[in-house]
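Enquirer: give me a 3D structure for the following:
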Amino acid sequence: MMTRGRITAILGPTNTGKTHYAIQRMLNHRSGVIGLPLRLLAREVYDRIVAARGPSVVALVTGEERIVPDRVQYWVATTEAMPDIAVDFVAIDEIQLCADPGRGHVFTDRLLHMRGTVETLFLGSSTMRPTIAALVPETQFERKERFSTLTWAGSKKLSRMPPRSAIVGFSVDDVYAMAELIRRQKGGCAVVMGALSPRTRNAQVEMYQNGEVDYLVATDAIGMGLNLDIKHVAFSATHKFDGKRVRPLFPHEMGQIAGRAGRHTESGTFGVTGEAEPLDEGLIDALENHRFAPISRLIWRNGKLEFGSMDRLVESLEMGPGHELLTRGREADDVATLKILREFPEIKDRIRGGKDVRLLWDVCQVPDFRGISTMEHATLLARIFGFLQDGHIPADWLGRAIERIDRTAGDIDAISKRLAYIRTWTYVAQRTGWVADEKHWRGETRAVEDRLSDALHAALTQRFVDRRTSVLLRRLKQKESLVAEVNDKGEVTVEGEFAGRLEGFRFRPDQTASADEARMLSRASYDALKPEFHLRADRFYNAPDTEMDYTEQGGLMWGNQAVGKLIKGADPLHPGVEVFVDEEAGPEIADKVRRRAQHFIDRKIAALYEPLVTLQKDEALTGLARGFAFRLVEALGILPRDGIATEVKELDQESRGMLRKHGVRFGQFTIFLPALLKPAPTRLRLVLWSLHEGLSEFPESPPPGLVTIPHLPVVPDQVYALSGYRPAGDRAIRIDMLERLADLLRTQDTRGGFEANPDMLSITGMTLEQFSGLMQGLGYSADKAERSKVKTTEAPAVVSAPEADGSDAPMTEEESVLAAETRAKWEAEQAEKRKAEAPEAEPAEAEAEAEAPADIAPPEMEVFYTFKWAPKPRGNRRPQGDRGQAERPQGDRPQGQRRGPRRDGAPREGQAKDAAPAGDRPRGDAPQGERRDRNGKPGGKFGGPKKSGKPSHQGPQTFSSRPEKKADPDSPFAILAQLKDKT
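Expert: Next up is the predicted model:
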């Protein structure tokens, strides 16, 4: 058997099929090894040989992948991983990389020492011929020529780049930026970079080869081994960073890349784009004719290493070549890492002989895939070296490292970084003897790499490929009709790609589409939407009112889709409707939608404002009552009393009675319909009022269930009134709760002063401090003071808020009276009890005071407020009123406090036959029963002359409970009392 066979160098331009030729030559032998410059290219060649001979006889060996069956005949490897075994055939691809500053010494070593027993092939550029002839004189040379021409095409903008073009960049940022621009203008592109895993690169290349995209954006990785259907190659730059510095591209490097244009007999072109300057004539001629200066020197590194010590190993690595055609390259990463590690104290302590030095050198050759920093990489390798000296890398430590990487979520940069990290552990798992269960960890790292590769391909495709635009542009060029569909969710697709969404009766094109694309989408989509518009209009017309709603800004909704908006009508209770229907749907659809929307809002107003609508249509109302009803309808059911005091005063009792039949309540502060204070009518009232006032932005209704809300100066008082609230100080109180509070205040001595009781605080839901601010806002003074705290028996609970029973309706006047009577009765009982216990307690208290120590703790103090009526003066009007009360606006008294005609129908003494009941008089009435003076004693009759003179007692007054009268069994009070007794 021959130990040194025939040596042949097959040289020539790029894209001449040299690699394919080498594969055929190897398969003619019983065994062989082929070395390739890239892992992805090795994988491609491996797949081709497996397809020809089957996986059982083909091995793949790279730094991160190792597939070695039992009966291996053919080895496919990266140049660094080529096994040193005896085989019939050896081939080394891209032999011109002997001159590469970083990897050149590996290719030079293979050139000088790797041989097949029958045949050896060197494949590459013609620039290597003189050097190979000098170093390996027995080499026979064959030249491969292109079957097509390569022509300079000048400079082109990316927007004018012809289809089937490859745009070459020399940094990741440049590649991503160009890919993004092409996606917007051309529909997308494939991305190929040397850092991609073979799985990701193959998926991207397949997308380009299948015609899903017409453009390829790549680094100079396409210059090696990738035979693609490329018609034009454009350089976006003529400089690149080679790992150490930014330098101009060598002419032969540009020729390697430009030569990828054209395929077999089909000619290709090359040019520049972006900021790249046009090439000079001499370089253009060299690229077109593939004439470059020969490579004069090859990068070399000593392969005969000494492992006696770390220093001797470094010295052997730095030894000179001893040949004029060979030169030492720049310091490789493995040598730089070795120099760092030999300075680590823990490494020095562990090195005890040549075996340890050899192991350390093997560890130093782990590539720095992560690219964080040299020191970071050296620290990781020191950890691995320590593990290997103790046996193997611990499975739990390696498992945790891989688990941190095994995440497919994130953007392109995040996934790319994890893919680089897993390559470190893939490389480690491929080293023989480094992990205990090699098969498991090789499979585990490969699985993680595959998952990350698929995720990266998906991320690249999602970001840089707009499949919809690609399809539309291809169909447009082919002048084919576009097929559009609408699903049950209103999503419109054109040729299977999302084009927009049907929202209600308006088509919304996809916002990511370009202007030209949007026009195509709209044209195709409206053709598909014509029958959908009719079906949707029928469903809308027959839909129940429960499927529709209005927004606080006047929009009309059908489910979650806007179908129109309210517009100003003849009056607030009759707004108009403007529908949102595309013109392409036709006037018939628009009219049908408009009729249904108008019908909905009309029924909504009729339901929520039934009391007000009934009041408006009541023809029995005449005179002042009808005018007052008109004012109330115009104000949407709420009228502040201070603005209509004169009109209220002019209403006689008959008119008031007619209005009360419609639910109108004459409150002390507001005239309103309690049924319209619920959340739904309130929300609609603000919308209707805002429409009628022509506001551009409508005020929002307060959250339901709140008794008070903040009083904001920027919000007009009218908005508060329409919301059902009256501003008072820093807060605004709900008007029905304010009237209940007013009922409690009528029983107090507002001139002499009074304190807030629990009922007042319960109604308002405030603290005493907050209540004082509210009272001041209502026209009362609040004098703050302190006193000793006295423990008192707690009052019986009185339900004072309408929410207590789960209803949002205001408390009726009868309920208000019942609450007030219960409270008054309890206060009277407590007063009598304290009065009875006072004589018995005095001796005990005196004795306790005598025996108390001198240093007894001071009593606990409490804050209290004394409230007095203190309205702002209006002209020469002076406060007046009987029972010690100043004059203030008054409303309807609770029925239990009214003084009307006697039961026999005759007027009381001093009262005219047609006089109005006291409850509608402009100022307060006495509680039910006989009238009392300031001291609680019987006073003048109702309507009699007022007693003059100053009050005999100054300060806060305590009123006893009034004597109970036998209630009419048919009255509301009797009914409430019976219900109370049953509970």
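Enquirer: how far away is residue 667 from residue 660?
Expert: From residue 667 across to residue 660, the span is 12 Å (CB to CB, to the nearest Å). C-beta here means a position set from N, CA and C on the backbone, and glycine is covered the same way.
Enquirer: looking at the two, which one has more neighbours?
Expert: Neighbour count, other CB atoms under 10 Å: between residue 667 and residue 660, residue 667 has more, with 25 against 13.
Enquirer: the more buried one against residue 742, yeah?
Expert: Yes. Shown here, residue 667 and residue 742 form a contact pair, counting by CB atoms under 8 Å, at 7.3 Å.
Enquirer: any weak-confidence spans in the stretch 351-500 of the chain?
Expert: By pLDDT under 70, the low-scoring segments of the stretch 351-500 of the chain are 467-484, 495.
Enquirer: which stretches of it form strands?
Expert: Along the stretch 351-500 of the chain, the segments classed as strands by DSSP state E, counting those that start in this stretch run 484-486, 491-494, 497-503.
Enquirer: nearest to residue 126, of those strands?
Expert: strand 497-503 (47.7 Å; CB to CB).
Enquirer: so which bits of stretch 369-387 are buried?
Expert: Buried residues in stretch 369-387, counting neighbours by 16 or more other CB atoms under 10 Å, are found at 369, 377-378, 380-382, 384-385, 387.
Enquirer: now do it: distance to the chain's middle.
Expert: Distance of stretch 369-387 from the chain centroid (CA atoms, centre = their mean, to the nearest Å) equals 39 Å.
Enquirer: do stretch 726-737 as well
Expert: How far stretch 726-737 lies from its chain's middle: 38 Å, per CA atoms, centre = their mean.
Enquirer: swap in stretch 285-305?
Expert: Remark: stretch 285-305 is offset 55 Å from the chain centroid, using CA atoms, centre = their mean.
Enquirer: mean confidence for that stretch?
Expert: Stretch 285-305 comes out with an average pLDDT of 90.
Enquirer: now it: buried residues?
Expert: 286-287, 290, 292, 295, 297-302, 305.
Enquirer: cool, stretch 645-660 as well?
Expert: Buried residues in stretch 645-660 (16+ other CB under 10 Å): 648, 651, 655-656, 658-659.
Enquirer: for the stretch 751-900 of the chain, give me the ranges with low pLDDT.
Expert: For the stretch 751-900 of the chain, the ranges with pLDDT under 70 are 791-831, 833-857, 872-900.
Enquirer: out of the strands of the stretch 351-500 of the chain, nearest to residue 53?
Expert: Across the strands of the stretch 351-500 of the chain (criterion: CB to CB), the nearest stretch is strand 497-503, sitting at 42.1 Å.
Enquirer: need the next SSE after the closest one, C-terminal direction.
Expert: Moving toward the C-terminus from strand 497-503, the next helix or strand (DSSP states H and E) is strand 506-509.
Enquirer: which residues touch that next one?
Expert: Contacts to strand 506-509, defined as CB atoms under 8 Å, 6 or more residues apart in numbering, come from residues 492, 499-502, 518, 521-522, 525-526, 529, 580-582, 584.
Enquirer: out of those, which are buried?
Expert: Neighbour counting with 16+ other CB under 10 Å marks 492, 499-502, 518, 521-522, 525-526, 529, 580-582 as buried within the contacts of strand 506-509.
Enquirer: and which of the residues you listed is nearest residue 710?
Expert: Checking those against residue 710 with CB to CB, the nearest one is residue 580 at 35.4 Å.
Enquirer: from what I can see that closest one touches residue 557, true?
Expert: No. Assessed by CB under 8 Å, residue 580 is found out of contact with residue 557, at 10.7 Å.
Enquirer: is residue 302 in a helix, a strand, or coil?
Expert: Recorded secondary structure, residue 302: coil (DSSP: H, G, I helix; E, B strand; the rest coil).
Enquirer: not counting residues beside it along the chain, what's closest to it?
Expert: residue 319 (4.4 Å; CB to CB, 6 or more residues apart in numbering).
Enquirer: tell me the contacts of the residue nearest in space to the middle of the chain?
Expert: The chain has residue 410 as the residue nearest its centroid, 15.5 Å off, counting by CA atoms, centre = their mean. Applying CB under 8 Å, 6+ apart to residue 410 gives the contacts residue 418.
Enquirer: if we go to 10 Å?
Expert: 416-418, 455-456, 459 (CB atoms under 10 Å, 6 or more residues apart in numbering).
Enquirer: how near is it to residue 459?
Expert: Distance, residue 410 to residue 459, by CB to CB: 8 Å.
Enquirer: now the common contact residues for those two.
Expert: residue 416.
Enquirer: any weak-confidence spans in the stretch 201-350 of the chain?
Expert: Using pLDDT under 70, the stretch 201-350 of the chain drops low at 225-226, 264.
Enquirer: would you map the strands across it?
Expert: 215-218, 232-235, 239-241, 246-248, 268-272, 298-300, 326-328.
Enquirer: out of the ones you listed, which is closest to residue 150?
Expert: Closest to residue 150 of those is strand 268-272 (CB to CB; 5.6 Å).
Enquirer: hey, where'd the helices end up in the stretch 51-200 of the chain?
Expert: With DSSP state H, counting those that start in this stretch as the criterion, the stretch 51-200 of the chain has helices at 104-113, 129-135, 172-186, 198-209.
Enquirer: in a markdown table: the strands of the stretch 351-500 of the chain, plus distance to residue 12.
Expert: Below are the strands of the stretch 351-500 of the chain laid out as a markdown table (distance: least, CB to CB, whole Å):
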| stretch | distance to residue 12 |
| --- | --- |
| strand 484-486 | 52 |
| strand 491-494 | 48 |
| strand 497-503 | 44 |
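Enquirer: ok, which of these comes nearest residue 346?
Expert: Per CB to CB, nearest to residue 346 of the strands of the stretch 351-500 of the chain: strand 497-503, 58.4 Å.
Enquirer: quick one: strands adjacent to that closest one?
Expert: Strand 497-503 sits in its sheet next to strand 491-494 (antiparallel), strand 506-509 (antiparallel), going by DSSP bridges.
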